[in-house]
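1. Let me see the structure of the following:
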Amino acid sequence: MTNPEQLQQLGLPPADQIGFVVRDLEQAMAAYAPLFGPFTTMDGSVTQVRYRGREEDVGLKLAFGRSGDLEIELIQWVSGHSPHREFIEKGREGMHHIRFRVEDADAWIARLEALGYAAIWYKRFSADTTFAYLERSGDPTLVEILQMPPGGPGSQ
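-> So this is what the prediction gives:
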């Protein structure tokens, strides 16, 4: 059984976001506006996020657009060690992750780790708000798990 088949069998909800890492947020918003605009922007900086086993402070600029029910996130790395910096340093730009909103992030992370994924980026903001990026060897696209109450940032 392949990992995509296993993911479907897990019962994850439909993906609700595709994230793109870009070098220049303003240029990317202009380029993607005909497809996903208009965009709203925000400071996406995060402190004390666990990245590959270390606590990091990371500066990010974010823009959000839509394609129907699917949120499109553009991410410009600014500072600190993060998956976004890693992506840019490898000479990449473009599709970075697919996000799934769940009710219990830690339970879903454990299920994905049992399938060979590793949580490389993790932050618990509160008892009901947690996110993580997970990677698996040989797959260039990360999986994001987000637990957040309705009405939080990124809600439709």
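2. Put the alpha carbons of whichever helix in the chain runs longest into CSV.
-> Longest helix of the chain, by residue count under DSSP state H: helix 25-36. The C-alpha coordinates for helix 25-36 follow below in CSV (Å, rounded to 0.1, in the frame of the first residue of the first chain):
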residue,chain,number,x,y,z
LEU,A,25,5.8,38.3,-1.3
GLU,A,26,4.8,41.5,-3.3
GLN,A,27,5.9,40.0,-6.6
ALA,A,28,4.2,36.7,-5.8
MET,A,29,0.9,38.4,-4.9
ALA,A,30,1.0,40.3,-8.2
ALA,A,31,1.7,37.1,-10.2
TYR,A,32,-0.9,35.0,-8.4
ALA,A,33,-3.7,37.7,-8.1
PRO,A,34,-5.5,36.7,-11.3
LEU,A,35,-5.7,33.1,-10.0
PHE,A,36,-6.1,33.5,-6.2
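3. Just the mean pLDDT for the very next helix or strand once past it, thanks.
-> Using DSSP states H and E, the next helix or strand after helix 25-36 towards the C-terminus is strand 40-43. The pLDDT scores in strand 40-43 average 98.
4. repeat for stretch 83-94
-> 97.
5. end-to-end on that stretch?
-> This stretch, stretch 83-94, spans 13 Å end to end (CA to CA, to the nearest Å).
6. Just the buried residues of it, please?
-> For stretch 83-94, the buried set under the neighbour-count rule, 16 or more other CB atoms under 10 Å, comprises 83-88. Placement of C-beta: from N, CA and C, glycine included.
7. now Arg18: how far from Gln48?
-> Actually, residue 18 is Ile rather than Arg. 27 Å (CB to CB, to the nearest Å).
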